[in-house]
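> Dropping the sequence and predicted coords here.
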Amino acid sequence: MDKKTINILAIESSCDETAASVVRNGREILSNIISSQIEIHKKYGGVVPEVASRKHIENISGVVKEALEESKLGIDDIDAIAVTYGPGLVGALLIGINYAKSLAYAWDKPLIGVNHIEGHISANYIEDKSLEPPFMCLVVSGGHTHLVYVEDYGKYEVMGRTRDDAAGEAYDKISRALNLGYPGGPKIDKLAKSGNKEAIYFPRAKLNEESLDFSFSGLKSAVLNYINQTTQKGGKIIEADVAASFQESVIDVLIEKLIKAAKLKGCDKIALAGGVASNSKLREVLEMKCENNKLLLYRPSPILCTDNAAMIASCAYYKYKNKEFADFSLNASPNLEIAKS
Ligand code: KG4
Ligand code: ZN
């Protein structure tokens, strides 16, 4: 096989997806296996960490085996083993890390530790093979809301972040209040299509004009208060209108700050990443805004927005090129920060 071809087998187990993938040269997916635990956690209304760890243990061997088989590669063709080591649930992370370490040891391959958020950003390299830094990326997931300036591969500057709830967390909480179930993002996304986004005005937390940070807890309280007060007065809650009005408030703020950050850095490329990036309204409105502002928009297809291991393999490829290898002391880092420049 051509020496310039680097195949990386990656494992992702930071939350409720057990995933493994083989990616060639950081951009081409040879396999992408995801075993989701959503059905199990649904009945609890959210992810139960202990249950997630147990399920990862049950699933990981099968998922990794399938990823290798589907890639049609042999062990000798794999150049490195990559794994998410944070941020995430400590027990869940440890399952993936220990599995990856065992493979690296048994197969005598280098080990690469990857930051989950940097992985989300890298999903854009798979989706659009021509994308090169610099670009401005909005990472919006269940656990994170970050505005990240990607200066180069592996070189990031966090321009803004949430001070309280993550955007996805807000979707999940409002969904629960409306009895729509878990995960809330896709449910609200769908329901909002039939609602009136101007029916209720919910606040936009801009913080101060200068700040690129976000805050969603005030919005969450405003929606919950609206639901409680309307119910107490015997009024009727129109769920689709609440969903559309809530979503409008989230998207307004996300897009305004994303475009502001891009302009600040003089970027003409904007990217989305993370589970909330698959939101249809966010994509639709941002497409329009980017066109108006002459910005190029990059967004991964929905399967690459939510947790997967292909994004981890892509991120690992650039670490491989820089010889950024981990040793067997690699440990879970539940609150891992995004790398500083
Ligand atoms: O990136 P991800 O799979 O996991 C984390 O790293 O957190 O993101 C999951 C989050 C959940 O909060 C889910 O409700 C949200 O992404 N989500 C969405 C949509 N699809 C998933 N939020 C809004 N609209 C969607 N279509
Ligand atoms: Zn994620």
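Nice, I can see it. Numbers count the residues shown, from 1 in each chain. Ligands and ions are numbered 1, 2, ... in the order given.
> Show me where the stretch 151-300 of the chain has its strands.
In the stretch 151-300 of the chain, strands defined by DSSP state E, counting those that start in this stretch lie at 155-161, 269-273, 296-298, listed in chain order.
> which parts of the stretch 51-200 of the chain sit against ligand 1?
Applying C-beta under 6 Å from any ligand atom, one finds that the stretch 51-200 of the chain approaches ligand 1 through 141-143, 168, 171-172, 183-186, 189. C-beta coordinates here come from the backbone N, C-alpha and C atoms, glycine included.
> can you do 8 Å?
88, 116, 120, 140-144, 166-169, 171-172, 175, 182-186, 188-190 (C-beta under 8 Å from any ligand atom).
> Out of the residues you listed, which sit inside helices?
116, 120, 167-169, 171-172, 175, 184-186, 188-190 (DSSP state H).
> which of the residues you listed are buried?
Buried residues within those, counting neighbours by 16 or more other C-beta atoms under 10 Å: 116, 120, 167-169, 171-172, 175, 184-186, 188-189.
> a helix runs through Leu9, doesn't it?
No - the assignment for Leu9, made by DSSP: H, G, I helix; E, B strand; the rest coil, is strand rather than a helix.
> hang on, the earlier thing: ok, so of the buried ones among the ones in helices among the residues of the stretch 51-200 of the chain next to ligand 1, who is nearest Lys319?
The closest of those to Lys319 turns out to be His116 (C-beta to C-beta; 13.9 Å).
> ok so, going back, let me have the ones in helices among the residues of the stretch 51-200 of the chain next to ligand 1 in a markdown table, extended by distance to Ala100 and pLDDT.
Output for these, formatted as a markdown table (distance: C-beta to C-beta, whole Å; pLDDT from 0 to 100):
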| residue | distance to Ala100 | pLDDT |
| --- | --- | --- |
| His116 | 14 | 97 |
| His120 | 19 | 98 |
| Ala167 | 29 | 94 |
| Gly168 | 26 | 94 |
| Glu169 | 28 | 93 |
| Tyr171 | 31 | 95 |
| Asp172 | 29 | 93 |
| Ser175 | 33 | 95 |
| Gly184 | 31 | 92 |
| Gly185 | 29 | 95 |
| Pro186 | 30 | 96 |
| Ile188 | 35 | 97 |
| Asp189 | 33 | 97 |
| Lys190 | 36 | 97 |
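> Quick one: name the residues of the stretch 1-150 of the chain near ligand 2.
Selection of the stretch 1-150 of the chain residues close to ligand 2 by C-beta under 5 Å from the ion yields Ser141.
> Could you report the neighbour count for the residue in the stretch 1-150 of the chain that ligand 2 sits nearest to?
Here the stretch 1-150 of the chain gets closest to ligand 2 at one residue, Ser141, 4.3 Å apart by C-beta to the ion. The criterion is other C-beta atoms under 10 Å. On that basis, Ser141 has 24 neighbouring residues.
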